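Need coordinates for the below:
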Amino acid sequence: MQLLQAVIHELIKVPAKGERAALGPDFIEAAEQLDVSDETTIVLIESIISLYGKKGSYSSQGTFDLTDTAQTFPPNFSSFIESTGDDDAFFGLTIQTMDNLVSKSSSENFATGGYIVFAHYMQSGQNYFLVAMVKKKDGITLVDLRPQTIQRVDLSKLHQAIRINNTNYLNAMELINENQPFEGSYLSFISPASNRGASGYFIKAFGCHDAIPANIATRSAFDAVKYYFETNETLRPLKSEAVDSVVSLFNQLLSNDEENRICTLDMLNKAIQGVITYHNVESVTDNFMDLANSENFNVPENFYPNQTAVTEQTRLKLIGLDGAWTLNFEKRVFGTSTESEIQFINNPNSSQASIVIRNLSDDLIKILQKASEDV
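Predicted coordinates for the structure are as follows:
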């Protein structure tokens, strides 16, 4: 990561409590920008950046709402981009943003303030603009809004954050200016309550469109794949193999660094078309991308696979009454036929159902035999 510019301002807002009157909103302006070569400053910015794509973070993709002329951040950000990263333009943008945060937070009775960290940096050949709110109590010592000591920020300490990929933003604006559609995203944000509730003012201040969260997009992708195969008699026998192919794709992406984790509809389509081609299935209309992107499934053009949603497709966990027993197994070995390693038997004429486990290893048989002797 190459830090180009950075500054920290403080948003002052304390909700009313009991007899204590509310304080703010207002902000304390930093006297000047931070030294981008300072080690403590670099550690702070890197710790915030590292949270993106990590388990437990609520990261959504989105764009600016360019149709809302009342939003001031998008045009202010555009002016900063046009300045090619001028220091005065950067500092001016941060002040304008603080004005927006003060304005948007004023109507949120339970909203609170904190340190607002701004950073402009390069990483993996991409240019980024980052804004994050970090609470004052979170192991960060500032003197005159300059970090003196800092612990690595963890998810519980990052209150809000938005990151704009300036490179993707410029590409999007070029398409829009040429009256061509842009269906991707160029910004992402972490927000405990998305754009709702007391913390929503942070996202509102930037005029963002909240895209579909990663876990929902991933589950929707699987739903679209299953529907595509289930509703085609020719493809129906290949459904499980297609789902496995998508699982492999997502696992491969999740093993990459953050910049290379994004899945596209085209990648998803290639994963399932590979299964169809392998089995030499002909006369199949290649309309999966249109289906997945329809209102029925709302799979976005670009999204981050979610590990939890992927695991849900591959494993099944069963817990008996009162937690007396637990079975945790891969779904591929489960079924209702006598060929299934784990067979579910359900008699429609009886309230009783059972599970049969086959193909036990020699070691497992010995363990069970010994256990049965001790009963």
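
Return the distance of whichever helix in the chain runs longest from the chain's centre.
Ordering each helix of the chain by length in residues (DSSP state H) puts helix 87-105 first. The chain centre lies 26 Å from the centre of helix 87-105; the measure is CA atoms, centre = their mean, to the nearest Å.

So which other helices or strands are in contact with that helix?
Under the contact criterion of 3 or more CB pairs under 8 Å, 6 or more residues apart in numbering; DSSP states H and E, helix 87-105 touches strand 2-14, strand 23-28, helix 73-82, strand 114-123, helix 200-204. From N, CA and C alone the C-beta is placed, and that goes for glycine too.

need the least confident one among those, by mean pLDDT.
Sorting the helices and strands packed on helix 87-105 by mean pLDDT places helix 200-204 lowest, at a mean of 77.

could you dump that one to CSV, C-alpha only?
C-alpha atoms of helix 200-204 as CSV (Å, rounded to 0.1, in the frame of the first residue of the first chain):
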residue,chain,number,x,y,z
GLY,A,200,-27.2,5.3,8.5
TYR,A,201,-26.3,9.0,8.3
PHE,A,202,-22.7,8.0,7.4
ILE,A,203,-23.7,6.3,4.2
LYS,A,204,-26.3,9.0,3.4
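
Could you name the helices and strands sitting against that helix?
By 3+ CB pairs under 8 Å, 6+ apart, helix 200-204 packs against helix 87-105, strand 158-165.

6 Å instead, please
Judged by 3 or more CB pairs under 6 Å, 6 or more residues apart in numbering; DSSP states H and E, helix 200-204 is in contact with helix 87-105.

Buried residues, the helix it packs on. List them.
By 16 or more other CB atoms under 10 Å, the buried positions in helix 87-105 come out as 89-91, 93-98, 100-102, 104-105.

Quick one: the residues you listed as TSV, columns for distance to L3 and pLDDT too.
Converted to TSV, the buried residues of helix 87-105 look like this (distance: CB to CB, whole Å; pLDDT from 0 to 100):
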residue	distance to L3	pLDDT
A89	17	93
F90	12	94
F91	15	94
L93	16	95
T94	15	95
I95	20	95
Q96	21	94
T97	18	94
M98	20	93
N100	24	91
L101	22	91
V102	26	90
K104	27	85
S105	27	82
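
ok, the residues you listed vs F229, which is closest?
Using CB to CB, the shortest approach to F229 within the buried residues of helix 87-105 belongs to K104, at 45.5 Å.

who touches the nearest residue to the closest one once chain neighbours are set aside in this structure?
Leaving out its chain neighbours, the residue that sits closest to K104 by CB to CB, 6 or more residues apart in numbering is Y201, at 3.9 Å. Y201 makes contact with K104, S105, E108, A111, according to CB atoms under 6 Å, 6 or more residues apart in numbering.

From Y186, how far out is Y201?
To Y186, Y201 is 22 Å away according to CB to CB, to the nearest Å.

ditto for I95
Taking CB to CB, one finds I95 at 23 Å from Y186.

Likewise for I81?
Separation of I81 from Y186 (CB to CB): 11 Å.

Between the two, which has more neighbouring residues?
Y186 (21 against 17; other CB atoms under 10 Å).

what's the closest non-adjacent residue to that one?
N168 (3.8 Å).

For that neighbour, which three-state class applies?
helix (DSSP: H, G, I helix; E, B strand; the rest coil).
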